[in-house]
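Q: no FASTA, just this:
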């Protein structure tokens with residue numbers, strides 16, 4: 001394990017990671033990723049985590065200075081080195097330090113292996129009560145990490161009490177922090193960021209399942225180890241379910257730029273608070289900018305509460321959707337861990353070449369007794385002379401009109417034939433959905449999350465009904481009327497923000513429109529939002545039609561229909577949108 005506690009930033013220093021291209025390995029056999037915590041001595045330990053988007057490079061020492069020291073060798077005479085802790089852990093060299101401790105590379109002389117040992121780091125002038133709190137936090141860190149069994153969580157081997165202070169003994173992870181990687185080499189690519197995100201998400205899922213909130217997820221607490229291993233470290237301020245909160249009244253723990261809005265407001269945090277922090281980490285990893293960091297802590301906290309970061313530019317597609325969803329100010333509207341994992345899994349996949357819409361081959365039969373097809377002409381389609389004349393007339397007419405005729409890829413009529421009424425009891429509504437659409441829905445165990453999505457088998461068209469309950473709207477995000485909500489969504493999107501899980505790469509081309517309607521004698525609203533998603537160099541124009549209705553009790557319904565434009569799917573998508581909106585039934589309007 002290694003922990004440097006985060007980089008220090010002065011009031012006039014840059015507030016973002018450097019946007020640098022990845023640096024090539026040094027010539028002469030030097031380690032491409034030197035340990036940022038290693039002492040500058042003749043016996044630095046080379047650390048070689050995998051380089052993003054490149055195969056792992058084994059160490060190639062060609063000079064004596066690059067040979068790792070033996071386990072018992074002390075690399076530099078520094079205060080504390082050589083000390084024996086707990087009768088078995090020999091301190092060798094400092095790896096780094098954080099807000100509550102100094103991390104040492106050490107040797108476990110009982111089993112002859114390298115370990116990391118975290119020494120309590122408490123100023124002598126600190127009052128006794130605060131010293132006791134600091135020591136108790138370290139004990140909690142050990143308990144929190146020790147109760148988790150996940151490869152992305154650092155293993156805790158032992159806790160030794162020395163001179164009345166707890167020393168935490170952990171596995172030694174050879175590598176460096178994500179924060180150091182961003183400062184040294186610049187941003188990560190989409191797939192590398194998705195891979196790191198999946199590993200950190202797994203660690204958080206394991207922690208949340210055990211009743212542990214990390215509360216300090218940030219790049220400097222994410223270790224990039226050898227063999228592509230990613231490890232979440234430093235549970236020093238973790239909150240364990242059922243235990244007393246150590247934070248004094250008015251106290252504040254954590255790194256401000258990564259803290260969720262609800263924690264800033266003093267509200268009770270939950271798993272969604274850690275997921276917010278993961279969203280900030282992914283934003284910083286791909287964009288090179290920590291989205292909420294300002295010159296001082298009050299300004300940073302204010303930006304967490306009120307600022308909307310620019311839409312991701314480097315992260316696109318599912319990764320951008322995950323980031324935008326995680327950075328929703330209202331925790332109830334953030335995607336849960338399962339949804340985030342699905343998006344990151346999609347982002348991890350290699351980009352696929354664009355697929356053309358499916359076409360249908362028109363075949364013609366032959367009347368009984370008619371001429372048989374000539375032999376040896378292959379398996380093509382053969383038409384008689386009259387049929388060829390008829391087809392020729394149609395083709396000439398089409399060319400003269402400047403259009404291309406294609407067989408309807410959907411089949412069926414444009415009315416509600418082939419549609420099904422889907423009663424969604426948890427949402428208090430009934431949807432009209434074409435036959436064959438596949439259903440996904442929110443997890444009932446996830447608080448403040450109520451939605452259902454139906455998608456056609458091609459994945460091109462989708463219908464989503466989302467419900468925000470007034471009783472759960474702690475931060476008063478629901479607007480006063482349906483029209484006000486529609487206008488607010490457009491304003492958010494134009495500012496580069498996201499609305500729920502909807503996070504387009506860019507708006508347009510096309511004309512946005514907001515119109516007022518009527519639903520059972522009360523005001524409703526509709527938005528038509530043209531937008532474009534980008535995948536590599538390919539642009540996919542799409543359109544979303546959104547129906548808004550605020551009930552008498554103050555609940556807000558949004559019915560989203562999303563479909564491609566400038567394609568054969570466009571008219572079908574608009575037909576699906578009209579039919580779904582016209583046939584929506586809300587039980588208690």
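A: Received, thanks. Here the structure is a predicted model, which is why all the values come from computation and not from measurement.
Q: Residue 313: neighbour count?
A: 14 (other C-beta atoms under 10 Å). Where C-beta positions appear, they are placed from N, C-alpha and C, glycine not excepted.
Q: Tell me how far the residue nearest to it when sequence neighbours are not counted lies from residue 281.
A: The shortest distance from residue 313 to any non-neighbouring residue, by C-beta to C-beta, 6 or more residues apart in numbering, is to residue 287 (6.5 Å). Residue 287 sits 11 Å away from residue 281, going by C-beta to C-beta, to the nearest Å.
Q: Show the low-confidence segments of this protein, by residue range.
A: Along the chain, the model assigns pLDDT under 70 to residues 1-77, 98-100, 122-124, 126, 137-138, 140-142, 144-145, 236-254, 352-417, 535-537.
Q: per-domain residue ranges of it.
A: Using automatic domain parsing, the domain parsing of the chain gives 360-366+380-406, 419-586.
Q: In terms of neighbours, single out the busier of residue 287 and residue 281.
A: residue 281 (27 against 22).
Q: what ranges do the helices span in the stretch 201-350 of the chain?
A: Using DSSP state H, counting those that start in this stretch, the helices of the stretch 201-350 of the chain run over residues 261-264, 271-287, 297-306, 318-326, 337-348.
Q: Give me the contact list for the fourth one.
A: With contact meaning C-beta atoms under 8 Å, 6 or more residues apart in numbering, helix 318-326 is reached by 190, 193-194, 197, 275-276, 278-280, 282-283, 286, 311-312, 315, 333-335, 339-340, 343-344, 346-347, 497-498, 500-501, 503, 505.
Q: and the helices of the stretch 201-350 of the chain as JSON lines, adding distance to residue 524?
A: Below are the helices of the stretch 201-350 of the chain laid out as JSON lines (distance: least, C-beta to C-beta, whole Å):
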{"stretch": "helix 261-264", "distance to residue 524": "30"}
{"stretch": "helix 271-287", "distance to residue 524": "30"}
{"stretch": "helix 297-306", "distance to residue 524": "30"}
{"stretch": "helix 318-326", "distance to residue 524": "26"}
{"stretch": "helix 337-348", "distance to residue 524": "28"}
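Q: Those helices: which one's closest to residue 116?
A: Among the helices of the stretch 201-350 of the chain, the nearest to residue 116 by C-beta to C-beta is helix 271-287 (21.9 Å).
Q: by contact count, what packs against that closest one?
A: helix 178-185, helix 190-209, strand 212-213, helix 261-264, helix 318-326, helix 337-348 (3 or more C-beta pairs under 8 Å, 6 or more residues apart in numbering; DSSP states H and E).
Q: Let me know the angle separating that helix from helix 318-326.
A: Counting by axes from the mean of the first three to the mean of the last three C-alpha atoms, to 10 degrees, helix 271-287 lies at 140 degrees to helix 318-326.
Q: Quick check: buried residues in helix 271-287?
A: For helix 271-287, the neighbour count (16 or more other C-beta atoms under 10 Å) marks 271-287 as buried.
Q: next one: stretch 464-479
A: 464, 465, 466, 467, 468, 469, 473, 478, 479.
Q: and what of stretch 150-170?
A: For stretch 150-170, a neighbour-count test (16+ other C-beta under 10 Å) marks 150, 152-160, 165-170 as buried.
Q: Check those residues against residue 483 and report the nearest one.
A: Among the buried residues of stretch 150-170, residue 152 lies closest to residue 483 (C-beta to C-beta), at 46.0 Å.
Q: tell me the contacts of that closest one?
A: Residues in contact with residue 152 (C-beta under 8 Å, 6+ apart) are 199, 200, 202, 203, 206, 229, 230, 231, 232.
Q: For the nearest residue to it once chain neighbours are set aside, give its distance to residue 229.
A: In this structure, residue 152 finds its nearest non-sequential neighbour in residue 203, 3.9 Å apart by C-beta to C-beta, 6+ apart. The spacing between residue 203 and residue 229, counted by C-beta to C-beta, is 12 Å.
Q: Please say which of those two ends up with more neighbours.
A: Neighbours per residue, other C-beta under 10 Å: of residue 203 and residue 229, the larger number sits with residue 203, 25 against 16.
Q: Touching, that one and residue 153? I think so.
A: Yes. At 4.9 Å, residue 203 counts as touching residue 153 under the criterion of C-beta atoms under 8 Å.
Q: between the two, what contacts are shared?
A: What both residue 203 and residue 153 touch, as defined by C-beta under 8 Å, 6+ apart, is the set 231, 232.
Q: burial measure for residue 298, as a count.
A: Residue 298 has 10 nearby residues by other C-beta under 10 Å.
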